[in-house]
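>>> Return a 3D structure for these sequence lines:
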Amino acid sequence: MFHMIRKATTKWLVLSLLMLLGVSFLPAVAQDEPIKVGILHSLSGTMSISETTVRDSTLMAIEEINAAGGVLGRQIEPIIEDGASDWPTFAEKARKLLSEDGVAVIFGGWTSASRKAMLPVVEENNGLLFYPVQYEGLEMSPNIVYTGATTNQQIVPAVEYLLEQGHTRFFLLGSDYVFPRTSNTIIRAQLDAAGAEVVGEEYLPLGGTEFSSILLRIQEADPDVIFNTLNGDSNVAFYNQFADAGYTAESLPTMSVSIAEEEVTGIGVENILGHMVAWNYYQTVENDTNAAFVEAFKARYGEERVTSDPMEAGYFGVYLWAAAVEAAGTTDVDAVRAAINAGGITADAPEGPVELHGPTQHTIKPVRIGIIREDGLIDTISETEPVIPDPYLCTYEWAGVLTRPEGICDMFMETAS
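A predicted model of the protein is given here:
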């Protein structure tokens, strides 16, 4: 017994001496542990039609990175939660992922309502959210990285395209929450400056499916184009009823900013053929990276599956996060954010090379206007060079009527110059 006590005491003295000399055994253990990350999307409810595919592409990126050796030599372990198309649930699940599961980052959200529900949670807990979907702009958070388009990378150029095509009478149709209402405020300012007219503006509760009264108001307003910011299952109901009422892309074209290839499948191509959409990526983009991406996605999830802009942004968002972690040498949020802000964080994405814009934590990306074709895929009919994100529309004179934080444009113009 005395021998055992003496042996233990000697071991304790040796360990104590090593600790005094700055030698620790903890990092070696930590280096073997996986890096936990959260995936938070609506896997049930009205938004599941859109968000399930983003979960799938995010998981595929994680599997690819793990197969290549992981991040900082460690594997990535995803923890998946369901936001259930309910904004308080997004906040609750984000808090769980950060405070209980200890994830290094959350990949998730679709609607701006879900993002705004998560925003205070990630800020209070100094977490990091990679948000993969286009949104209405007028926001920057140090704890959010926006890999989808901001306003000047989707909505503004979509309106510009319609104006160039001679459209002057716009009907604004959207789901009743922050993204459509804020987007339409921006669109009104843009159209007013261009001398065009908003002849009607209608909203339906998210998930709403009854459009008979709205279709009557569309008929009475006699627009020459509909700008559509509906989300989720509402798009299925609208385009079915729109087609049943005798409307086609030739008689009354629509421009949508939340309908991608996955939603076209749910709507039925016969109901939406020839209508327009605005995104940054389509499955039909021609480059080697996209060809490999589409092939890998179909091999994993089925030949009938399609790729789309939000799921592509969710996919390359994982690669951008991994690149920022490697640049920082740690998963610590402050260090990762510093690496992003320093610039040079890039990815060879299916849409083309993308880069995180350090000052805004948004992505530099091209804009593509598309038209829905007979097989349900989308052809690009107009394309720009990569566009620097301008979430507060500081470079647009007509946007001066918008409410912005004081000094935000001075800061943006200084970093952009």
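>>> all helices of the stretch 301-417 of the chain, in order?
Per DSSP state H, counting those that start in this stretch, the stretch 301-417 of the chain carries helices over the ranges 309-328, 333-342, 408-416.
>>> what angle do the second one and helix 309-328 make?
Going back to what we said before, that points to helix 333-342. 100 degrees (axes from the mean of the first three to the mean of the last three C-alpha atoms, to 10 degrees).
>>> Just the C-alpha atoms of helix 333-342, please, in PDB.
C-alpha atoms of helix 333-342 as PDB (Å, rounded to 0.1, in the frame of the first residue of the first chain):
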ATOM      1  CA  VAL A 333     -15.400  32.400 -33.000                       C
ATOM      2  CA  ASP A 334     -13.500  35.600 -32.400                       C
ATOM      3  CA  ALA A 335     -10.400  34.200 -34.200                       C
ATOM      4  CA  VAL A 336     -12.500  32.900 -37.100                       C
ATOM      5  CA  ARG A 337     -14.300  36.200 -37.400                       C
ATOM      6  CA  ALA A 338     -10.900  38.000 -37.500                       C
ATOM      7  CA  ALA A 339      -9.700  35.700 -40.300                       C
ATOM      8  CA  ILE A 340     -12.900  36.500 -42.300                       C
ATOM      9  CA  ASN A 341     -12.500  40.200 -41.700                       C
ATOM     10  CA  ALA A 342      -8.900  40.100 -42.800                       C
END
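>>> contacting residues around that helix?
104-105, 126-128, 142-143, 145, 321, 324-325, 327-330, 345, 356, 358-359, 361 (C-beta atoms under 8 Å, 6 or more residues apart in numbering). Using the backbone N, CA and C atoms, a C-beta is placed for each residue, glycine as well.
>>> give me that answer again for 7 Å
By C-beta atoms under 7 Å, 6 or more residues apart in numbering, the residues outside helix 333-342 that reach it are 126-128, 142, 145, 324-325, 327-328, 345, 356, 358, 361.
>>> for the shortest one, same thing?
Contact with helix 408-416 is made by 359, 388, 392, 394, as judged by C-beta under 7 Å, 6+ apart.
>>> That helix vs helix 333-342, what angle?
Helix 408-416 runs at 70 degrees relative to helix 333-342, counting by the same axes, to 10 degrees.
>>> in this protein, what secondary structure element scores lowest on mean pLDDT?
Here the helix or strand of the chain ranked lowest by mean pLDDT, DSSP states H and E is helix 2-20, holding a mean of 34.
>>> The closest residue in space to residue 70 that isn't next to it in sequence bridge partners, please.
Closest residue in space to residue 70, ignoring its immediate chain neighbours: residue 76 at 6.2 Å, by C-beta to C-beta, 6 or more residues apart in numbering. Residue 76 forms beta bridges with residue 35, as assigned by DSSP bridges.
>>> ok so, going back, now list the buried members of the contacts of helix 333-342.
Neighbour-count burial (16 or more other C-beta atoms under 10 Å) is assigned, among the contacts of helix 333-342, to 127-128, 145, 324-325, 327-328, 345, 356, 358, 361.
>>> least confident pick among those residues?
Least confident of the buried ones among the contacts of helix 333-342 in the model: residue 358, at 95.
>>> just checking, that one touches residue 344?
No. Residue 358 lies out of contact with residue 344 (C-beta atoms under 7 Å); the separation is 8.3 Å.
>>> circling back to that earlier point, show me the two of the contacts of helix 408-416 that sit farthest apart.
388 and 392 (12.7 Å; C-beta to C-beta).
>>> So for stretch 227-246, what gets flagged as buried?
227-243.
>>> For that stretch, measure first residue to last.
18 Å (C-alpha to C-alpha, to the nearest Å).
>>> Now do that stretch: distance to the chain's middle.
Chain-centre distance of stretch 227-246: 22 Å, with C-alpha atoms, centre = their mean, to the nearest Å.
>>> Can you tell me what sits against it?
So stretch 227-246 is contacted by 46-47, 49-50, 111, 170, 172-175, 179-180, 183-184, 187, 204, 206-209, 211, 215, 254-259, 263, 266-267, 271-272 (C-beta under 7 Å, 6+ apart).
>>> Hmm, residue 369 and residue 381 touching each other?
Yes. With contact defined as C-beta under 7 Å, residue 381 counts as touching residue 369 (5.5 Å).
>>> Which residue of the two possesses the greater neighbour count?
Neighbours were counted for residue 381 and for residue 369 using other C-beta atoms under 10 Å; residue 369 has more, 23 against 11.
>>> What's the local residue count around the nearest residue to the more buried one once chain neighbours are set aside?
Nearest non-adjacent residue to residue 369, counting by C-beta to C-beta, 6+ apart: residue 382, 4.0 Å away. Residues within reach of residue 382, counting by other C-beta under 10 Å, total 17.
>>> Let me know whether residue 382 touches residue 371 as I believe.
No. Applying C-beta under 7 Å as the test, residue 382 and residue 371 come out as separate, 9.6 Å apart.
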